[in-house]
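Student: turn this into a structure:
(chains A and B)
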Amino acid sequence: MTPQKAFDEYHQAVYSFAYRLTGQPEVAEDITQECFLALVRDPKRYDPARGTIKVYLFSIVRNLALKQYRDHRDVQPVEDSEDALVIDPRGTLDVSAAVATAVTSLPPLQQEALILFEYQGVTLEEIAQIVGADIGTVKSRLHRARQRLRRILVAYRKVGNPHGAL
Amino acid sequence: MEHFEKHERFENDEELSDRELDSILPEWKSPIAPQHLRAALFPEAPASSWRRLWSISIRVPFPVACCLAIVLALVVWRWGTPPPPRVVIQHDRVEVPVVKQEVVTRTVYRDRIVHAPPAASKSSASELQPVVELRPRIIRRQNDQN
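Tutor: Residues are numbered from 1 along each chain as shown, chains lettered A, B, ... in the order given. This is a model prediction of the structure:
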C-alpha cells in the first residue's frame, strides 16, 4: 500500500486517535502529520508480517502522543494508579465535554486502551500489538478504565434527559 | 464486551452500569481531520513547463493595447476582402504543320554598268612602244564556209 493510499484510508482514524489521546486538535494535527511523514520517508519500515498498516500507524501515534504527554504532563503518572482521579467533569453541562474530560483524565495506558477499543474499533489483539503488552494486560487496563469512568460520569446518568445534562 | 458484561453491576448512586457507560461514551465525537493535511504531506507535482508557459502574463499599457487591436483588426479586414483577379500570361508551345514548297533557283542577269578605265591621256609616252613580233589573227563568222 502506498503512503497516499494509507493516508486516504486511515488519516481520519489516525487523527481521531491522536485527538482523543491529546485532547488538542493542533497537537493531533501535528501527530497525524508526523505519523504519515514517517511512512512517506521510510515506507520500508512497515513490515506487513508484524501487523496491519493500521496497527503500525496507531503505534506511531501512540509513541508520539506518549512523548508529547511526557514532555508536557510529567506530573501525572503514566502507569495505572487508583489515586490518579484528578479531574472532576461535573463542572460542565455538556456530556460530550464531560466524557472527553473524563477519558483524558485517565492514566495514559488505560486511556489509550479504552480509546482504541471503544472509539477506534481495534481488537484486543491489535491493541496488544500497538501497546506492546499481552492481551491480559490490555483487558485489565480496559476494565480499570471503564470502572473509573463509571464513577466519574455517574452524574451524567440519563434520567429522561436525552442530552444527559444535569 | 463479554468481559465487561460479566461484571455488569446494578444501578446505584455511586457509579454507572456498563450499559449506561456504553451509551454515554459515544457522546464524545472527534472533529474531522483538516483538509490541508494531505497537501502538506503530498504536495502537488510542480506544473509542467507548458502549463507555466500558458500562465505567463504581461502588462501592456492601454494605448499600446489599443494600437495593437487596431493593427490586428486591419490585418483581419485585409485578409477578409477578396484579392483582385490576377492576369496570368501562359506560354504554350503548339506544333503547327508546315507545307514544304519547291525551291526554284533562277539566274537573273541584269545589265551592269561598267565604268571605263581612266583616260589614256594620263599614261606617259614611254609606254607607247612598237610590237616586236606581229601575229595576225583571222576572225571569221560562224556561218561563213571557208
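Student: so which bits of stretch A:148-157 are buried?
Tutor: For stretch A:148-157, burial by neighbour count (16 or more other Cβ atoms under 10 Å in any protein chain shown) applies to A:R148, A:L149, A:R150, A:I152, A:L153, A:V154, A:Y156, A:R157. In short, each C-beta sits where N, CA and C put it, glycine included.
Student: average model confidence for that stretch?
Tutor: Taken as a whole, stretch A:148-157 carries a mean pLDDT of 88.
Student: the helices in chain B, which residues?
Tutor: B:2-5, B:18-24, B:36-41, B:49-54, B:62-80 (DSSP state H).
Student: return the most buried member of these.
Tutor: helix B:18-24 (a mean of 18; mean count of other Cβ atoms under 10 Å in any protein chain shown).
Student: and that one, what does it pack against?
Tutor: helix A:135-152 (3 or more Cβ pairs under 8 Å, 6 or more residues apart in numbering or on different chains; DSSP states H and E).
Student: what helices or strands is the helix it packs on leaning on?
Tutor: Using 3+ Cβ pairs under 8 Å, 6+ apart, the elements in contact with helix A:135-152 are helix A:95-104, helix A:108-114, helix A:124-131, helix B:2-5, helix B:18-24.
Student: quick one, which of those is nearest to A:R41?
Tutor: A:R41 sits nearest to helix A:124-131 of all the helices and strands packed on helix A:135-152, at 20.8 Å, using Cβ to Cβ.
Student: low pLDDT regions in the chain?
Tutor: Answering for chain A, as no chain was given. Along chain A, the parts satisfying pLDDT under 70 run over A:73-93, A:158-166.
Student: that answer is for a different chain, and I need it for chain B
Tutor: Within chain B, the stretches with pLDDT under 70 are B:1-13, B:45-47, B:116-125, B:142-146.
Student: which bits of it sit near chain A?
Tutor: For chain B, the residues in contact with chain A (Cβ under 8 Å from any Cβ of the partner chain) are B:3-4, B:7, B:11, B:13-18, B:20-21, B:23-25, B:27-34, B:37-38, B:40-42.
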